[in-house]
Every structure is written in structure tokens, then in C-alpha cells.
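Enquirer: Build me a model from this:
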Amino acid sequence: MLDAEIIPHEHAEMADQELLTAERHVALREALTRLPPCCQQLISMLIQDPPVPYAQISVALNVPVGSIGPRRRRCLDKLRNDPAIAALINDEAAPGGLSGRSLHRQHSPG
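Expert: So this is what the prediction gives:
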């Protein structure tokens, strides 16, 4: 196992960013599974590439076009309030939060 103190600083920072990105992806996937199915479907359609037109989303989900935006907001609010996502948001907002974390700083000598 590599000692974090012997990893060059640039590589440690890169590894740290990759780890944080992976943690965010896991938290987001978990939070998405806890959303109601209607929110899961809507968000899934909204993040398609290329974008799905609202008219097509309206037909697929059987909702008026004018209600898609408000539903999206409510679903994203639910997502933001999920404990895993809320923890990430709070960590990023805290002084020395996620951007201040580093593998070489977390290593305890021993």
C-alpha cells in the first residue's frame, strides 16, 4: 500500500479530486433511487442527451407542459434534501470543506 506522504503533491490532489467525484456520484445515484418514481422518470428524461423536448416529456409522463418546470423544481428540492446530498452540500459550504480535503492531509502517521 502506498504511503500518502510519498505521493507527489500534484498526484495526491488529482487522486483526491477523483475520490471526491466518485463519492458525489455514489451519493447522487443513491439519492436518485430514493426519489418517488415520478421524479426519477422526470429527471431521467430531463438529463437526456440530446435534450428531450417538453412536449415529448408531457406526452410520456401524461402531464401538462406547464407543470414540468414546477415538478422539476419540487423533484430537485427533494433531491437536495436527501441526507446524502445535503451532507455533500454542507461539506462543500463548510470552511475547508470538500475542496480543502486532501488524502495527504488525512493520512495519520503510524
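Enquirer: Scan this structure for its longest helix.
Expert: The longest helix of the chain (DSSP state H) is helix 9-34.
Enquirer: mean confidence score for it?
Expert: Mean per-residue pLDDT for helix 9-34: 84.
Enquirer: next helix or strand past that helix?
Expert: Using DSSP states H and E, the helix or strand that follows helix 9-34 towards the C-terminus is helix 37-46.
Enquirer: any idea how far the residue minimising distance to the centre of the chain is from Gln56?
Expert: The centre of the chain sits closest to Leu28, judged by C-alpha atoms, centre = their mean, with a distance of 4.0 Å. Relative to Gln56, Leu28 is positioned 24 Å away (criterion: C-beta to C-beta, to the nearest Å). C-betas here are computed from N, CA, C, even on glycine.
Enquirer: Please apply the same query to Leu88.
Expert: Leu88 is 31 Å from Gln56, by C-beta to C-beta.
Enquirer: Not counting sequence-adjacent ones, nearest residue to Gln41?
Expert: In this structure, Gln41 finds its nearest non-sequential neighbour in Leu61, 6.1 Å apart by C-beta to C-beta, 6 or more residues apart in numbering.
Enquirer: so what pLDDT did that neighbour get?
Expert: 96.
Enquirer: tally of neighbours for it?
Expert: Leu61: 15 surrounding residues under other C-beta atoms under 10 Å.
Enquirer: do Pro36 as well
Expert: For Pro36, the neighbour count with other C-beta under 10 Å is 11.
Enquirer: same check, this time on the one 5 residues further on
Expert: A total of 15 residues lie near Gln41 under the criterion other C-beta under 10 Å.
Enquirer: How about Val59?
Expert: When counting by other C-beta under 10 Å, one arrives at 11 neighbours for Val59.
Enquirer: quick one: secondary structure of it?
Expert: Following DSSP: H, G, I helix; E, B strand; the rest coil, Val59 is assigned to helix.
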